[in-house]
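A.B. asks: my questions are about this predicted structure, shown below with the sequence.
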Amino acid sequence: MSKTIASYEVMFVSGHILLEIPRQKEKVCYALIDTGSSKTLSSKKILHLCGHEFETNPSELFENSSHNLETLIGKKIDYLIGNDILSRFHFEIRKDKMSFYDVHVTRPQIDPSDKLIKCESISYPLERLHTLPIMEVKTPFKTTKMFFDTGAQLSYGSKNWFSPLPKDGSTSNGIRFLGEMNDFHPSIGEFKTDFYSMPVVITGDSIAGEQEFQGNAQLNMKFGVLPNSLEYMITSFKGVEGIFGSEVLEYCNAVFLTNERMYIY
């Protein structure tokens, strides 16, 4: 793999990936990495990243209110970095570091010091919709498309999937009710959702020369029930029925995204 354009330390806070961006004469600022957002948002006009200046979009998420990112995450956040910037790079995310590469770097190189992971290393194609990455996931209900959203601490699926399931702690088709939790989405604010433990499979589709990325990733992820307004937004994109969140990093050393493929290893 070529040398990185830039690497930044990362904090993993309640399932949220926070990039630490050093600034001259000022304290470090923090940016939420959000592949589920098409735009970069901030209270500031300019983001300095990877030696470039990027204009950002103003958002009430950074205003002094009960629904700002600092209140919701518990950490002062200066930026939400979306795909208008992220799609200009290929990048690797780990729980302690994020590295940005030129788009000519099309595959990762596994670090020999990486620990054994909880699933097989895989490579598979991504679709893009308005720069948003879409992956295919096999659930106990069906094989469907989901947005890969690093801004989501939970993965999410349709209310129709979960409504028939028991809530007494028993397991049905590998799925078990875990309880309720509060979450938020930039488009609808804070909400409460039921969430479940659910087995899913991501089938590898490696290309020539990727012997180390063959196989299937079998994961047991936490899935919330999409609120009505968010489900309407998600399913308005043909074939998309869910959100696949950042919990995947609990099962692997890193994920690597190009504009056309995703790697888990």
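C.D. replies: Perfect, I can see it now. Numbering: from 1, shown residues only.

A.B. asks: after the lengthiest strand in the chain, next one along is what?
C.D. replies: Ordering each strand of the chain by length in residues (DSSP state E) puts strand 189-203 first. Stepping forward along the backbone from strand 189-203, the first helix or strand reached (DSSP states H and E) is strand 216-225.

A.B. asks: need the residues that contact that next one.
C.D. replies: Surrounding strand 216-225, the residues in contact under the criterion CB atoms under 8 Å, 6 or more residues apart in numbering are 118-120, 122, 154-159, 162, 178, 181, 183, 193-204, 242, 244-245, 247-248, 251-252, 264. No exception for glycine: its C-beta is placed from N, CA and C like everyone else's.

A.B. asks: ok, of those, which come out buried?
C.D. replies: 119-120, 122, 154-158, 162, 178, 183, 193-196, 198, 200, 202, 204, 242, 244-245, 247-248, 252, 264 (16 or more other CB atoms under 10 Å).

A.B. asks: list the beta-bridge partners for E20.
C.D. replies: Here E20 sits in beta bridges with Y30, as judged by DSSP bridges.

A.B. asks: just list the residues touching it, thanks.
C.D. replies: Listed by CB under 8 Å, 6+ apart, the contact set of E20 reads Y8, E9, V10, M11, V28, C29, Y30.

A.B. asks: F89: which of those residues is nearest?
C.D. replies: Proximity of those to F89 (CB to CB) peaks at Y8, which lies at 12.0 Å.

A.B. asks: list the beta-bridge partners for that closest one.
C.D. replies: Following DSSP bridges, Y8 is listed with bridge partners M98.

A.B. asks: what about it, how many neighbours?
C.D. replies: Applying the criterion other CB atoms under 10 Å, we find 19 residues in the vicinity of Y8.

A.B. asks: was I right to think it contacts L19?
C.D. replies: Yes: with contact defined as CB atoms under 8 Å, Y8 and L19 form a contacting pair (5.0 Å).

A.B. asks: give me the common contacts of those two.
C.D. replies: Going by CB under 8 Å, 6+ apart, residues that sit against Y8 and also against L19 are M98.

A.B. asks: which residues of the stretch 101-250 of the chain fall in helices?
C.D. replies: Using DSSP state H, counting those that start in this stretch, the helices assigned to the stretch 101-250 of the chain run over residues 159-162, 228-235.
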